[in-house]
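1. just coords:
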């Protein structure tokens, strides 16, 4: 007979737990590239009406939940369970602790937010008695940052997107773009790159924006594409570390497609996007194409279209497209 899992001890997060909690959230994939998790921990610790609760088995941290009251209703965030300890009831114990925390403060309603694609989490909360709340959620960053791309995931696990196609049909005459100061930059073509290096570039740059097409290819199929002499992959290095890349596809002359372009999350907002894009446009035009084209969709960075237009691209077509959510398909971890 299987031995029942030991019920974890629940306690509030203390000052000395900060780094431990951040590392745990990262291990549980509770963080996102555009938000520093240390800011969330600090906010909880200095807010009287909120607290992070920890679940421990012995000295091992096995779960967390953030609970708080906005003055009208309760909220929970950062519910996470050690991947090796899931399906043992720890999540339910943490949610009960969060509910008890609110009841002690005479809060009678608890709400939470779930990403539309996270069907497994929806089922978990439904099993605890939570029901959908037919409200439309809106947001605005108050610190001046740009919000990530807006996605619409339906109940059937598919995503609605709008794809915008842009093109340049004559050699651009844009002014020289000066490299950002204080960084040592290098741009190098990756000739015959190995699959592992390419997947590192593609997955890191495209992960926040749900790039999935190349993830779906096996190594042999991907290698055949990226080692084709007509595929030009240029990697931007900052102080010796890869920071982004641009991929030119010359397989359909006389046109060239800017197939992939982007920066790694840590390098966004540092003035590198326009520098790399301008360089890629000039490099493409050295082949004297009839046109250079690119497409971007509503899941990409919200300033993507504006950047393309500043660098000379003009929109020529839009279309709606419905596709399977790559996270539900297992192509991108959630």
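-> Noted; the coordinates are in hand. The shown structure was predicted, so the numbers you read here are calculated from the model rather than taken from an experiment.
2. in the protein, which residue is most central in space?
-> In the chain, the residue lying closest to the centroid (Cα atoms, centre = their mean) is residue 208, at 2.4 Å.
3. wait, a strand at it?
-> No - if the criterion is DSSP: H, G, I helix; E, B strand; the rest coil, then residue 208 is helix and not within a strand.
4. roughly how far apart are it and residue 35?
-> Distance of residue 208 to residue 35, given as Cβ to Cβ, to the nearest Å: 11 Å. For glycine as for every other residue, the C-beta is placed from the backbone atoms N, C-alpha and C.
5. how about residue 114?
-> Applying Cβ to Cβ to residue 114 and residue 35 gives a distance of 17 Å.
6. burial of residue 310, as a residue count?
-> Using other Cβ atoms under 10 Å, residue 310 has 14 other residues around it.
7. with residue 258 instead?
-> Residue 258: 23 neighbours (other Cβ under 10 Å).
8. quick check: closest non-adjacent residue to it.
-> Counting by Cβ to Cβ, 6 or more residues apart in numbering, residue 258 lies nearest to residue 294, which is 4.0 Å off, once chain neighbours are set aside.
9. what are the ranges of the helices in the stretch 201-334 of the chain?
-> Assigned helices in the stretch 201-334 of the chain, in chain order: 219-226, 272-285, 304-310 (criterion: DSSP state H, counting those that start in this stretch).
10. looking at it, residue 279 is touching residue 187, isn't it?
-> Yes - the pair residue 279 / residue 187 is scored as a contact, 6.1 Å apart, by Cβ atoms under 8 Å.
11. from residue 261, how far off is residue 277?
-> Taken as Cβ to Cβ, the span from residue 277 to residue 261 is 6 Å.
12. looking at those two, which is more packed in?
-> Counted by other Cβ under 10 Å, residue 277 and residue 261 do not tie: residue 277 has more neighbours, with 26 against 23.
13. overlap of the contact sets of residue 277 and residue 261?
-> Residues within reach of residue 277 and of residue 261 at once, by Cβ atoms under 8 Å, 6 or more residues apart in numbering, are residue 246.
14. was I right about residue 164 contacting residue 295?
-> Yes - between residue 164 and residue 295 there is a contact under Cβ under 8 Å: 6.6 Å.
15. average model confidence for stretch 159-167?
-> Here stretch 159-167 scores 92 as its mean pLDDT.
16. OK, contacts around the nearest residue to residue 261 once chain neighbours are set aside?
-> With Cβ to Cβ, 6+ apart as the criterion, residue 261 has its nearest non-adjacent residue at 4.7 Å, and that residue is residue 246. Listed by Cβ under 8 Å, 6+ apart, the contact partners of residue 246 are 233, 234, 236, 258, 260, 261, 276, 277, 279, 280, 283.
17. let's go with 10 Å and repeat that
-> 187, 232-236, 258-262, 276-277, 279-281, 283-284 (Cβ atoms under 10 Å, 6 or more residues apart in numbering).
18. of those, just the buried ones, ChimeraX syntax please.
-> Selection of buried members from those for ChimeraX, criterion 16 or more other Cβ atoms under 10 Å:
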select :187,232,233,234,235,236,258,259,260,261,262,276,277,279,280,281,283,284
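19. the strands in this structure, which residues?
-> Here the chain has its strands, by DSSP state E, at 9-12, 50-57, 60-69, 74-81, 110-112, 152-153, 158-168, 185-189, 231-238, 241-249, 255-263, 291-297, 314-324.
20. for the second one, what is the distance to the chain centroid?
-> I take that to be strand 50-57. Centroid separation for strand 50-57 versus its chain: 26 Å, with Cα atoms, centre = their mean, to the nearest Å.
21. partner strands of that strand and their direction?
-> When pairing is defined by DSSP bridges, strand 50-57 lines up against strand 9-12 (antiparallel), strand 60-69 (antiparallel).
22. quick revisit: give me the common contacts of residue 164 and residue 295.
-> Common contacts of residue 164 and residue 295 (Cβ under 10 Å, 6+ apart): 308, 315, 317, 318, 319.
23. nearest to residue 266, of those residues?
-> Distance to residue 266, by Cβ to Cβ, is smallest for residue 308 among the shared contacts of residue 164 and residue 295, at 22.2 Å.
24. beta partners of the nearest residue to the closest one once chain neighbours are set aside?
-> Closest residue in space to residue 308, ignoring its immediate chain neighbours: residue 166 at 5.1 Å, by Cβ to Cβ, 6+ apart. Assessed by DSSP bridges, residue 166 has beta-bridge partners residue 294, residue 315.
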